[in-house]
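Colleague: predicted model, plus sequence, below.
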Amino acid sequence: MATGRTHRPATTRSRGIPEATVARLPLYLRALTALSERSVPTVSSEELAAAAGVNSAKLRKDFSYLGSYGTRGVGYDVEYLVYQISRELGLTQDWPVVIVGIGNLGAALANYGGFASRGFRVAALIDADPEMAGRPVAGIPVQHTDELEKIISDNGVSIGVIATPAGSAQQVCERLVAAGITSILNFAPTVLSVPEGVDVRKVDLSIELQILAFHEQRKAGEEAPAEEESAPPAAPPAATVTKVPRASGKTAAGQKSGATGPPGTAAETDAVPVADAAGAAAGMAAKRPEAGPDGDVPAVMPA
Ligand SMILES: NC(=O)c1ccc[n+]([C@@H]2O[C@H](COP(=O)([O-])OP(=O)(O)OC[C@H]3O[C@@H](n4cnc5c(N)ncnc54)[C@H](O)[C@@H]3O)[C@@H](O)[C@H]2O)c1
C-alpha cells in the first residue's frame with residue numbers, strides 16, 4: 001500500500017503552512033508568471049492580490065508563511081517569488097502523471113498543454129476498453145488497465161487523474177493507491193474513500209455551475225421591484241430569495257471539506273458541498289464583501 005509513501009514537500013508541512021494558503025499559492029504563481037513573462041521586476045501586494053483575485057491582507061499573511069515580506073516602497077521581487085512559490089509547491093521537479101479513463105474528458109486532459117508547462121508530465125494514458133489499447137491520444141498510446149500497476153511502478157508515478165465513469169472510480173482509485181499512487185485528482189462525480197496519507201482533490205464543473213446559479217438567483221432577487229419586497233405574497237413563493245447587498249460572487253471550490261470518508265480513511269479534499277458553499281457565499285456577501293472563507297477565490301476582484 002501507499003500509506004507510507006508520500007511525496008509531499010516536508011518543509012511545507014513542517015513549517016505549518018495552512019492548507020488554505022497552499023490552495024492560494026497556485027493563484028499567486030499564475031499571476032506572478034504572467035508578470036514575469038512581461039519582464040515586470042517587482043509588484044506591490046495590492047497589485048498582485050488584484051491579479052490573483054485575493055485580498056491583499058490575506059496575500060501578505062500567506063507570504064509571511066513563506067518568509068517573504070517584500071520591501072517597503074518597492075514590493076515583492078517577481079522572479080524570486082516565482083522561484084520561492086514553485087519550490088514550495090514542489091514544482092521545481094518533474095511530476096509524472098497517469099490519466100485513467102481516456103474518453104471525452106481524459107482525451108481533452110491529455111491534450112491540455114498546461115500540464116507540461118507547469119512541471120507535470122503525462123507519463124501514461126490508461127483505459128479499460130481493449131479497443132483503445134495502442135491508439136494514440138495526444139501522441140501517447142493508450143495502455144490497457146491490465147498494465148496499470150506496472151506502468152505506475154516503472155514510471156515512479158505518484159499522481160493519478162481519474163476520468164472514468166463514477167461507477168468505476170472507487171475501484172480505479174483502489175488500484176492506483178495499491179500500486180503506489182499517493183495523490184489523486186478526481187473528475188468523476190463521486191466521493192472517493194482513500195487510506196491515510198493519500199490526498200484527493202476533486203474537480204466538478206457542475207458544482208461550480210450550481211454555485212453560479214445560486215448567485216444568479218440572488219441577483220434576480222435584488223433586481224425585483226422594491227414594492228414586491230415590502231408586500232409579502234399571499235401564498236408562499238416556490239423559492240424564497242433573500243435580498244442581500246450585492247457583493248462578491250464566490251466559487252469556494254477546492255477546499256478541504258472535512259472528514260467525509262468512512263472511519264479509518266483519510267478525508268477527501270473536495271469542493272465545498274453546494275449547500276455549504278452557497279450558504280457560506282450568502283453569509284460572506286452580507287459580512288465580508290471582498291473576502292471569502294479561507295482559500296476561496298472571489299469571482300469579483302477587490303478594487
Ligand atoms: N469534473 C468535471 O467537471 C467533469 C466534466 C465532464 C465529465 N466528468 C466526468 O468525467 C468522467 C468521464 O467523462 P467522459 O465524458 O470522458 O466519459 P466517457 O464515457 O467519454 O469516457 C470514460 C472512459 O473511461 C473508460 N473506463 C471505464 N471504466 C474504466 C475503468 N474501470 N478503468 C479505466 N477506464 C475505464 C471508458 O472506457 C471510457 O473510455 C465521468 O465520470 C464524467 O461524469 C467530469
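Modeller: Good, I have the coordinates.

Colleague: contacting residues around the residue nearest to residue 41 when sequence neighbours are not counted?
Modeller: Counting by C-beta to C-beta, 6 or more residues apart in numbering, the nearest residue to residue 41 once its immediate chain neighbours are dropped is residue 78, at 6.1 Å. (Glycine included, C-beta is placed from N, CA and C.) Taking C-beta atoms under 8 Å, 6 or more residues apart in numbering as the contact definition, residue 78 lies against 32, 35-36, 40-43.

Colleague: around the ligand, pick out the residues from the stretch 101-250 of the chain.
Modeller: 101-106, 127-129, 145, 163-166, 168, 172, 187-189, 203-205 (C-beta under 6 Å from any ligand atom).

Colleague: looking at these, which are in helices?
Modeller: Among those, the members found in helices (DSSP state H) are 104-106, 166, 168, 172, 205.

Colleague: of those, which one scores lowest on pLDDT?
Modeller: Lowest pLDDT of these: residue 205, 93.

Colleague: now do the contacts for that one.
Modeller: Contacts of residue 205 were listed using C-beta under 8 Å, 6+ apart, and none were found.

Colleague: list only buried entries from the residues of the stretch 101-250 of the chain next to the ligand.
Modeller: Burial by neighbour count, 16 or more other C-beta atoms under 10 Å: within these this picks out 101-102, 105-106, 127-128, 145, 163-164, 168, 172, 187-188, 203-204.

Colleague: now, the most widely separated pair of the residues you listed?
Modeller: 145 and 204 (23.4 Å; C-beta to C-beta).

Colleague: lowest-pLDDT helix or strand in this structure?
Modeller: Among the helices and strands of the chain, helix 274-287 carries the lowest confidence by mean pLDDT, DSSP states H and E, at a mean of 32.

Colleague: of all the residues in the stretch 1-150 of the chain, which one is nearest the ligand?
Modeller: In the stretch 1-150 of the chain, the residue that lies nearest the ligand is residue 103 (1.7 Å; C-beta to the nearest ligand atom).

Colleague: tell me the contacts of that residue?
Modeller: 127, 163-164.

Colleague: any idea how far it is from residue 122?
Modeller: Residue 103 is 16 Å from residue 122, where distance means C-beta to C-beta, to the nearest Å.

Colleague: then residue 50?
Modeller: Distance of residue 50 to residue 122, given as C-beta to C-beta: 33 Å.

Colleague: and residue 110, by the same measure?
Modeller: For residue 110, the distance to residue 122 - C-beta to C-beta - is 6 Å.

Colleague: where do the contact lists of the two overlap?
Modeller: Once C-beta under 8 Å, 6+ apart is applied, the residues that residue 110 and residue 122 both contact turn out to be 99, 138, 140.

Colleague: just the pLDDT at residue 129, thanks.
Modeller: pLDDT for residue 129: 98.

Colleague: repeat for residue 240
Modeller: 32.

Colleague: ok, now residue 114?
Modeller: So, for residue 114, pLDDT stands at 83.

Colleague: and the one 3 residues further on, by the same measure?
Modeller: At residue 117 the predicted local distance difference test score is 77.

Colleague: and it, how many neighbours does it have?
Modeller: The number of residues packed near residue 117 is 9, by other C-beta atoms under 10 Å.

Colleague: hey, where'd the helices end up in the stretch 51-200 of the chain?
Modeller: Remark: helices assigned in the stretch 51-200 of the chain by DSSP state H, counting those that start in this stretch are 56-65, 78-89, 104-111, 114-117, 148-155, 166-179.
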